[in-house]
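Trainee: Model the following, please.
(chains A, B, C and D)
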2 protein chains.
Amino acid sequence: MGIQERKEREKEQRREEILNAAQRLFFEKGLQNSTMDEIAELAELSKGTLYLYYGSKEDLYLAVMLRGFDLLHEMIAEAEKQATQPAEAMWMMGKVYYEFFEKHRNFFRMFHFLQYPGLHKQVSPEMMESCNGQTQKTWKLVIDVFNRGIQEGVFRRDVNPVEAAVILWSSANSILLRIDNECDRWKQTLNIDLTQVYFRSNALLLQAVMTPEAYARASFVSEELPTTISQS
Amino acid sequence: MGIQERKEREKEQRREEILNAAQRLFFEKGLQNSTMDEIAELAELSKGTLYLYYGSKEDLYLAVMLRGFDLLHEMIAEAEKQATQPAEAMWMMGKVYYEFFEKHRNFFRMFHFLQYPGLHKQVSPEMMESCNGQTQKTWKLVIDVFNRGIQEGVFRRDVNPVEAAVILWSSANSILLRIDNECDRWKQTLNIDLTQVYFRSNALLLQAVMTPEAYARASFVSEELPTTISQS
DNA sequence: CGTAATAATTGACTGTTAGTCATTTAGCAA
DNA sequence: TTGCTAAATGACTAACAGTCAATTATTACG
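Mentor: Next comes the predicted model:
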C-alpha cells in the first residue's frame, strides 16, 4: 500500500512549496517586513496551513536559512576537495566564503538571525537543534583541515586547531558583514577597499598559524596578494 | 529671562528620565520584548509623550545604545592614555573591550542592532547620523594609535593603519559575540575556552602587524599569555 | 489678578500582524 | 453510499507601534 508513502511525498513537497514562497519573500523584504499572510498567498495556501508545517514565522525563516547554510557547506566541502594541501584548503575556503557572500548575499544576511539569540522570540527547540547540527557539521570540516595540516607539518604544532578555526572563521565573518553594510562608507571617507581587507586579513592569519617552512613554500597566497597588508 | 533655559534643562532632564526607564526595560527584556507602554509606565509618562522626545522605539533603543558606546569610548581612551607605547595601547584596548563586555554586556548586545540595517524599521536618519558620528570618533582613536605606532617603528611600515584597525576590531568583536552566545557549548563539546581564544587572537594579530624588533622588546603580551596559541 | 496664547501631555484610537481554533473540505475504506 | 480521518481554511484574538484630537499646565500680558 503505497498510499502512505505518496502522502509523505506530497507533504514533503508542500513543505518545499511553502519554503519556496517564504524564501522569495524573505529575500525581498527580510524577516520583519514579510508577513505570514503574504507568504500564504504566494504559496496559494491559507495562513493556518503554514502553521501545520512550521511552528512559527521564525522557524520558517530559519528553515530557509538552512538551505543557504547547506549551500555554503557544499561549496566549502568542494573547495577543500580541490585543494592539494591543508593551508591551500584554508585559503580556498576563505575565497569560497567570499564567493558565497557575493552570489548569495540574501542567505548570508539570514545567518545573523541565528547568531543573535536576542532576536529569537518564537524559535522552536527542534529548529534550534537542526541549526546547531548543521553548524557543527561545517565546523568539523574546517577543524579537520587544521588537524591534517598539523600532522603534515603545514600548521604550527603549538596551534590548537579548534582555536585557529574559530579565529579565522570569526574574523572572516565579521569583515564580510562590514563589507555588506559599510563598504561604500569606508571607500568614501577613508578610501579603504574592505574586500582587500578581507583577503589580507585571511592571509595574515593564515601566515600566523603556518610553519615558516610551509609558508615559504606556499605560493597560492602571495600570487593573489602582492603584500599581506600594504599601504595601497 | 532664564525661563527658556530652565525649560531647556527640564526638557533635557525628561529626555534622560525616559532614557533611564527605557534602559532598565531594554536591559531586562531586549528590544523586541519591551513595549512602549511599559516604558511609559516606568517613566511615569504617557506613551504619547515618549514620541515627543524620541521618534520611534528604535530611536529610543539606539539612544540607550549610545550611552554604552560613549562609555566604551571613554574606557578605550583611558586605556590609550595609560599605555606607554602604541603596541601596548592596542593590547590594552583589547583588554578593555573585554572588560567592557564583561561589565556591561547589555550594552554590548545592543551594539548589534546598529550593525544590522536589516533590523531597522523605524530608525530616523538623524539618529543614524548620531550613531555614525560616535563610531567614527572611536575608529579615529584606534587608527591614530596605529599611525603613531608606524611613525615610532613599532608597527610595520607596510601596514595600512585603517586596514589594521578594521582587522583587529572586527575579529575582537566577533569573538566576543561568540563568547556571549556560545561560550558553554564550545567548552562542553570541544573543551575550548573562548576567552582564551579572544586574547590569543588579539596577540596573534598584534604580532602580525608589529615589526619583529618591537615585538622582541614587547613583554606585555607574553607576560599574560604563555604561548600565543597553545595546545592547552 | 484674570485671561488669552502657547506649550506640554494625555490616552483612546487605528492599523497591522502573528498565531489560534472551530468549522469545512477532501481523501480514503468498508 | 456512508462513515472516518487527515488536511486545510479563514475569521478571530491579542498584542503593540504609532497617531492625534482633546485636555491640562505654563507663561505672557492687560
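Trainee: So residue A:40: helix, strand or coil?
Mentor: Three-state assignment for residue A:40 (DSSP: H, G, I helix; E, B strand; the rest coil): helix.
Trainee: Would you mind listing the residues in contact with it?
Mentor: A:21, A:46, A:47, A:49, A:50 (C-beta atoms under 8 Å, 6 or more residues apart in numbering or on different chains). C-beta: built from backbone N, CA, C; applies to glycine.
Trainee: and it, how far is that from chain B?
Mentor: Distance of residue A:40 to chain B, computed by C-beta to the nearest C-beta, to the nearest Å: 22 Å.
Trainee: Grab the nearest non-local neighbour of that residue.
Mentor: residue A:47 (4.4 Å; C-beta to C-beta, 6 or more residues apart in numbering or on different chains).
Trainee: How many neighbouring residues does that neighbour have?
Mentor: By the criterion of other C-beta atoms under 10 Å in any protein chain shown, residue A:47 has 14 neighbours.
Trainee: list the contacts for it?
Mentor: A:36, A:37, A:40.
Trainee: re the thing from before, among the contacts of residue A:40, pick out the one closest to chain B, please.
Mentor: residue A:21 (19.8 Å; C-beta to the nearest C-beta).
Trainee: so the closest one, which of the three states?
Mentor: Residue A:21 ends up helix, using three-state DSSP.
Trainee: list the buried ones in the helix or strand harbouring residue A:128?
Mentor: If you go by DSSP states H and E, residue A:128 is part of helix A:125-151. Neighbour counts over helix A:125-151 (16 or more other C-beta atoms under 10 Å in any protein chain shown) mark A:127, A:130-131, A:134-135, A:138-139, A:141-143, A:145-146, A:148-150 as buried.
Trainee: Which pair of those spans the longest distance?
Mentor: Greatest spacing in the buried residues of helix A:125-151, by C-beta to C-beta: A:127 and A:150 (35.2 Å).
Trainee: ok, so what distance separates residue A:50 from residue A:38?
Mentor: 11 Å (C-beta to C-beta, to the nearest Å).
Trainee: Who has more neighbours out of these two?
Mentor: Between residue A:50 and residue A:38, residue A:50 has the larger neighbour count (other C-beta under 10 Å), namely 21 against 17.
Trainee: Which pLDDT value belongs to that one?
Mentor: Per-residue pLDDT puts residue A:50 at 98.
Trainee: likewise residue A:8?
Mentor: 78.
Trainee: Count the residues that sit near it.
Mentor: Neighbours around residue A:8, by other C-beta under 10 Å: 11.
Trainee: mind checking how far it is from DNA strand C?
Mentor: Using C-beta to the nearest atom of the strand, to the nearest Å, one gets 12 Å for the distance from residue A:8 to DNA strand C.
Trainee: ok, now which ones touch that residue?
Mentor: Going by C-beta under 8 Å, 6+ apart, the list of residues near residue A:8 is empty.
Trainee: how about stretch A:154-173, does it reach chain B?
Mentor: Yes - with C-beta under 8 Å from any C-beta of the partner chain as the criterion, chain B is reached by stretch A:154-173 at A:156-160, A:162-164, A:166-167, A:170-171, A:173.
Trainee: Flag the shaky bits of chain A, pLDDT-wise.
Mentor: A:1-3, A:222-232 (pLDDT under 70).
Trainee: Do you have the helices of chain A handy? List them.
Mentor: A:3-33, A:36-42, A:47-53, A:57-82, A:86-103, A:105-115, A:125-151, A:161-190, A:194-209, A:212-217, A:220-224 (DSSP state H).
Trainee: Mind checking those for the one nearest to DNA strand D?
Mentor: helix A:47-53 (1.9 Å; C-beta to the nearest atom of the strand).
Trainee: export that closest one as CSV, just CAs?
Mentor: C-alpha atoms of helix A:47-53 as CSV (Å, rounded to 0.1, in the frame of the first residue of the first chain):
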residue,chain,number,x,y,z
LYS,A,47,-2.1,31.0,6.7
GLY,A,48,-3.4,28.3,9.0
THR,A,49,-1.7,25.7,6.8
LEU,A,50,1.7,27.3,7.1
TYR,A,51,1.4,26.6,10.8
LEU,A,52,0.8,23.0,10.2
TYR,A,53,4.2,22.7,8.6
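Trainee: Show me what from chain A comes close to DNA strand D.
Mentor: A:7, A:11, A:14, A:45, A:46, A:47, A:48, A:49, A:51, A:52 (C-beta under 7 Å from any atom of the strand).
Trainee: Write the PyMOL selection for whichever of the residues you listed are buried.
Mentor: Only the buried entries of the residues of chain A next to DNA strand D go into this PyMOL selection, using 16+ other C-beta under 10 Å:
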select buried, chain A and resi 45
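Trainee: Out of the residues of chain A next to DNA strand D, which two sit at the greatest distance?
Mentor: A:7 and A:47 (22.5 Å).
Trainee: what's the spacing between the closest residue in space to residue A:194 that isn't next to it in sequence and residue B:205?
Mentor: Nearest residue to residue A:194, sequence neighbours excluded (C-beta to C-beta, 6+ apart): residue A:179, at 4.5 Å. Look at residue A:179 and residue B:205: by C-beta to C-beta, they are 19 Å apart.
Trainee: which one of those two has more residues nearby?
Mentor: Shown here are residue A:179 and residue B:205; by other C-beta under 10 Å, residue B:205 has more neighbours (23 against 19).
Trainee: so that one makes contact with residue B:167?
Mentor: Yes - with contact defined as C-beta atoms under 8 Å, residue B:205 reaches residue B:167; the gap is 6.4 Å.
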